[in-house]
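Asker: Coordinates for the following, if possible.
(2 chains)
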Protein chains: 2
Amino acid sequence: MPDTSRPLVARSVPAKTLSPPATVSPELQASMSQMAAASARAGAASAWVPGTPAEWKAIIAHLDSQVLATLPFVASLFPHTMVRREIAGVTIREITPARLDPAKENLLLVHFHGGGYALNGGEASAIEAVIAAHHCGLRVISVDYRMPPDHPFPAAVEDAVTVWRALTAERPSSAMGAFGTSAGGGLMLAMTLKLRELGLPLPAALGAGTPWTDLTGSSDSYQVNAGVDGVFTSFDGFAAGMAALYAGDAPLSHPLVSPVHADFKGFPPTLFITGTRDILISDTVRTYRSMKRSGVTVQLEVHEAMSHAEYIYAFASPESAEAFGDLARFFDAHLAG
Amino acid sequence: MPDTSRPLVARSVPAKTLSPPATVSPELQASMSQMAAASARAGAASAWVPGTPAEWKAIIAHLDSQVLATLPFVASLFPHTMVRREIAGVTIREITPARLDPAKENLLLVHFHGGGYALNGGEASAIEAVIAAHHCGLRVISVDYRMPPDHPFPAAVEDAVTVWRALTAERPSSAMGAFGTSAGGGLMLAMTLKLRELGLPLPAALGAGTPWTDLTGSSDSYQVNAGVDGVFTSFDGFAAGMAALYAGDAPLSHPLVSPVHADFKGFPPTLFITGTRDILISDTVRTYRSMKRSGVTVQLEVHEAMSHAEYIYAFASPESAEAFGDLARFFDAHLAG
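Answerer: Sure, this is the predicted structure:
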């Protein structure tokens, strides 16, 4: 029987070289390989943390430009029309996929982009929404919420609630789902907590892609999968900097900043997606288990060797189609128009 | 867009020291700490592979004796009666928990122990069955199947089929579930594949605890979680030796040896349990995804920071109760007496 009063012993794990495994598709292997090459080039640069708002804006613009470069190829694979407009003062992009399912014309998904609450604003915000709209055959509204350094927490949550509230005036919430990956998943959970607090209608179902729910850095996978994850390679450094930038004056453990600390009683059915190399597999699993203990209908999908949010970046892989296919079937099961 | 024709680039992951995280219970932290201390003491010894049947028998007896030492404490926490007998020539142990649920008197679970198809035979075989019988409130028959070095594959599969076939003569298979962890989970899947091939009734539901389904060693978590997992610390060495010992003359990739390669069409509802530090999380997830693609009703439960099969070893932890609670609810939902 373990003695819980003794000092804890840590494990020593030797250095490793991790190849893309033969157990994933050639497309995912190639994506993993590309990420490994990028990590090797970046080296210690990934530990750098900007010190001023101007430095933040410069690095954000640089990183967003890399995402924007993929837009033409995304559009070629997932044909759609996109309209940028405002809802109650918040910028959104409305995506109608070429393969919109006429039987689902009355349904709507609301999307929140990832990027650590600092990256992927503006034109870069709707990539996941475009991919999901295609796989789900549904119209998607992607929320271009305000972000730091100019607008820290709770601006993003306020924008999410504002858009959701306006949309529920137009159609029943039973016909509306919400989804998002990483910070987008965390924001979606924070919005739903806030909606519950305000007594507003909740989404009929949630898709939480490897949600960033613990900005305090306590999850076990922050240590275990550091350097293993090819997309989100480390919490320490830049990511922890984004967490602090976003939280502003709020404590990192605030349940609307780190929803893993929230009580999820009464939440709608929620699908979780993660991978075995994901640095946020612990954030995902801890949130899943907490919801399940609260009696929420939950479903967990884990993908072999997949890094954080890699189903977005490796959008041409069969694993990505499978992940978004799970999302599509989940919304099919829980939305009613 | 990744170029699938280029040579693959590997990731370099530096050496790490992994502490038990504050995100798990004090009981699980203490168990992780104990395992870390044991790993440090064992050092390179874990890479040793016996060379002769006599050496195998000696190390098996030594390792089994460590498991047997925990039996009194297991019995004190999970009171039960146990009867050892034979069914069609195969040794089984029938466990009746003190808290047998009278409403479930007609239901029965069949259990297959883990231990790499070499360890945990005889008196050590029924520990998981005792814990599960307690949490499920059900009678359990634990199969003490034949093992190498004297009886390699397919002896274990034959014994499993023999017992199952005999039990289905006594009660409808709709009232019977099967479960097992690690090699026990793999054996349960192999048995079910064989039952399907023979046209015999299948279990009404399966509980696959971190099943050993890829004895070829190709799963990504064999590299990623080597040294991270505190229970099953490495595939290379002793575990790969057990795989070869078990397979005997059969190829390691044979679907009844490595069921991840099987076609699961028509399988009963299956629950999978694993943890984020589990060296078999990839075996688990790959099998889960394969079943899901075949249209099987599947459920996946992943536990924060948990190593391979640690819900058995840390049997006094709340995480263990939660894992077996999921198993209990799954059988409640799918068995009918």
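
Asker: check contacts around the closest residue to A:H303 other than its chain neighbours.
Answerer: Distances taken as C-beta to C-beta, 6 or more residues apart in numbering or on different chains put A:G275 closest to A:H303, at 4.4 Å, once the chain neighbours are dropped. C-beta: built from backbone N, CA, C; applies to glycine. Applying C-beta atoms under 8 Å, 6 or more residues apart in numbering or on different chains to A:G275 gives the contacts A:T210, A:I281, A:V302, A:H303, A:E304, A:A305, A:M306, A:S307, A:H308, A:E310, A:Y311.

Asker: Show me what the helix or strand where A:L189 lies is in contact with.
Answerer: Taking DSSP states H and E as the definition, A:L189 sits inside helix A:183-198. By C-beta under 8 Å, 6+ apart, the surrounding residues in contact with helix A:183-198 are A:111-117, A:128, A:145, A:156-157, A:160-161, A:164, A:178-180, A:201-203, A:206-213, A:215, A:246, A:255-259, A:262, A:266-268, A:287.

Asker: To what extent is A:A61 buried, counted in neighbours?
Answerer: 11 (other C-beta atoms under 10 Å in any protein chain shown).

Asker: picking up where we left off before, out of the contacts of A:G275, which sit inside strands?
Answerer: A:V302, A:H303 (DSSP state E).

Asker: Just the local confidence number for the residue of the stretch 51-200 of chain A found nearest chain B, please.
Answerer: Nearest residue of the stretch 51-200 of chain A to chain B, counting by C-beta to the nearest C-beta: A:F73, 6.0 Å away. A:F73 is assigned 95 on the pLDDT scale.

Asker: what's the burial count for it?
Answerer: Residues near A:F73, counting by other C-beta under 10 Å: 12.

Asker: anything in stretch A:48-67 sitting right up against chain B?
Answerer: No - Stretch A:48-67 stays clear of chain B (C-beta under 8 Å from any C-beta of the partner chain), getting no nearer than 13.9 Å.

Asker: if we look at that stretch, which residues are touching it?
Answerer: A:118-122, A:124, A:127, A:148-150, A:237-238, A:240-241, A:245.

Asker: Show me what the mean pLDDT comes to for it.
Answerer: Stretch A:48-67 comes out at a mean pLDDT of 94.

Asker: which residues of chain A score low on pLDDT?
Answerer: A:1-5, A:44-46 (pLDDT under 70).

Asker: what about 80?
Answerer: Low-confidence segments of chain A, defined by pLDDT under 80: A:1-6, A:43-47.

Asker: out of everything not next to it in sequence, what's closest to the most centrally placed residue in it?
Answerer: Closest to where the C-alpha atoms of chain A average out (C-alpha atoms, centre = their mean) is A:T181, at 1.4 Å. In space, and not counting its chain neighbours, A:T181 is closest to A:G209: 3.4 Å by C-beta to C-beta, 6+ apart.

Asker: contacting residues for the one you found?
Answerer: A:114, A:128, A:179-182, A:184-185, A:272-274, A:309, A:311-312, A:323, A:327.

Asker: before we move on, the earlier item: may I see the buried residues of the helix holding A:L189?
Answerer: A:183-196 (16 or more other C-beta atoms under 10 Å in any protein chain shown).

Asker: what are the pairing partners of the helix or strand where A:T274 lies, and which direction each?
Answerer: Using DSSP H and E, A:T274 sits in strand A:270-275. Strand A:270-275 pairs in its sheet with strand A:205-209 (parallel), strand A:298-303 (parallel), by DSSP bridges.

Asker: Can you tell me which of those strands is packed in deepest?
Answerer: strand A:205-209 (a mean of 28; mean count of other C-beta atoms under 10 Å in any protein chain shown).

Asker: Off-centre distance for it?
Answerer: Put simply, strand A:205-209 sits 9 Å off its chain's centre (C-alpha atoms, centre = their mean, to the nearest Å).
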